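A.B. asks: sequence plus the predicted model coming up.
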Amino acid sequence: MIFASLGDFQLGTTSVMSGPTAAEETLANDFYEHKVVRGKPVPQRGGEALDQRSFSFFFDESFCSPEGEYARLVAAMVSGAVMPFIPGGGGFSGKHYFIKQLKSTTHKTTQSGRIVRISATIQLVEVPGSALSVGGPGIAGAAVALLNPLLKRLK
């Protein structure tokens, strides 16, 4: 069984990527602060913030090509690919994410410099369903179209 799937990436398989050595999820509310003449500011709930997830794991030559698998993550981040996140037990919640940040550390190389083991941490940010339905060139296009519904998509 796998820990989770993120698009084509399977987190926690013994053939590609280790199970997460750490996993975090952040759920938050936005709020606005209204200043008053006397006393403390008054908070006003502004709705939900975008969900964020992060995972730390490693690639090792004993079960994959560390450089190749890391390159796939870099390509997904650079392209801004929006990917569904599905927990290993199933139960897709309908949430999609993009890779906001990718950090890596090379832990071991051969004498010739070939990478043997890389640890990585990915930070994901939710893309709401309303942004997915708009279409357009990636996340930026969807965000702009949501902000300005009169904007026509260039073809």
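C.D. replies: Nice, thanks for sending it over.
A.B. asks: what are the ranges of the helices in the chain?
C.D. replies: For the chain, helices defined by DSSP state H occupy the ranges 66-79, 129-134, 138-147.
A.B. asks: which stretch in those helices has the least confidence?
C.D. replies: Among the helices of the chain, helix 138-147 carries the lowest mean pLDDT, at a mean of 52.
A.B. asks: not counting its neighbours along the chain, what's nearest G7?
C.D. replies: M83 (3.0 Å; CB to CB, 6 or more residues apart in numbering). In this view, the C-beta of every residue, glycine as well, is placed from N, C-alpha and C.
A.B. asks: ok, that neighbour touching K95?
C.D. replies: No: contact criterion CB atoms under 8 Å: M83 and K95 do not qualify, at 10.1 Å.
A.B. asks: got a pLDDT number for the residue lying closest to H107 once chain neighbours are set aside?
C.D. replies: Of all residues not flanking H107 in the chain, R117 sits nearest, at 4.5 Å (CB to CB, 6+ apart). R117 carries a pLDDT value of 90.
A.B. asks: please report the distance of R117 from F3.
C.D. replies: 19 Å (CB to CB, to the nearest Å).
A.B. asks: same question, N29
C.D. replies: 28 Å.
A.B. asks: give me the residue ranges of the protein where confidence is low.
C.D. replies: For the chain, the stretches with pLDDT under 70 are 1, 13-19, 132-155.
A.B. asks: give me the most central residue, it.
C.D. replies: In the chain, the centroid-proximal residue (CA atoms, centre = their mean) is L124; its distance is 1.9 Å.
A.B. asks: identify the bridge partners of that one.
C.D. replies: R53, I99 (DSSP bridges).
A.B. asks: contact partners for it?
C.D. replies: By CB atoms under 8 Å, 6 or more residues apart in numbering, the contact list for L124 reads 6, 52-55, 85, 97-100.
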